[in-house]
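# task: produce atomic coordinates for the following.
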Amino acid sequence: MRVHLINPSDVAFGIGVITPRWLYVIAAATPAKYGDPIITDETLEQFDPETIRPGDVAGRAWSPKTWSMLPGSNACPPNA
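Numbering: from 1, shown residues only. Now for the predicted structure:
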C-alpha cells in the first residue's frame, strides 16, 4: 500500500506558488510501515491517476472556493 497526497490545481505551470502545509504535516504523520508518501502538487505537475494501484490510499485537498475536490476529483474515482 502506498499513500498519495495531492494538492489540486487547475493549471500546472512549473513554478510553486504556495504549497499547503497539510501535505507535509500529513506526510510526516504517516506511519513508517507505509513508506514515504507520494506528494503531488498540481501547481508544479499534474497528478497521474495511473500511479494509483489497488489498495493505495489517495488524499486530495478540497477547494475552498467550491467545497469540492475539483479539478482533480476525476483523478481519484471512488472505485479506484
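
# C-alpha only now, for contacts and for neighbours.
Will do.

# how about residue 22, phi and psi?
Reported as degrees, to the nearest 10, the phi and psi values for residue 22 are phi -60, psi -30.

# run a quick neighbour tally on it.
The tally of other residues near residue 22 (other Cα atoms under 10 Å) stands at 12.

# before we move on, what about residue 48?
So residue 48, with other Cα under 10 Å, has 11 neighbours.

# low-scoring stretches of the chain, by residue?
11-19, 61-80 (pLDDT under 70).

# ok, now how distant is residue 46 from residue 31?
From residue 46 across to residue 31, the span is 26 Å (Cα to Cα, to the nearest Å).

# between the two, which one's more packed in?
residue 46 (20 against 11).

# in three-state terms, label that one for me.
coil (DSSP: H, G, I helix; E, B strand; the rest coil).

# check residue 23 too.
Applying three-state DSSP: residue 23 is helix.

# could I get the contacting residues of it?
Each residue near residue 23 by Cα atoms under 8 Å, 6 or more residues apart in numbering is listed here: 5-7, 39.

# quick one, helices of the chain?
Ranges of helices in the chain, per DSSP state H, are 21-29.

# that'll do, ta.
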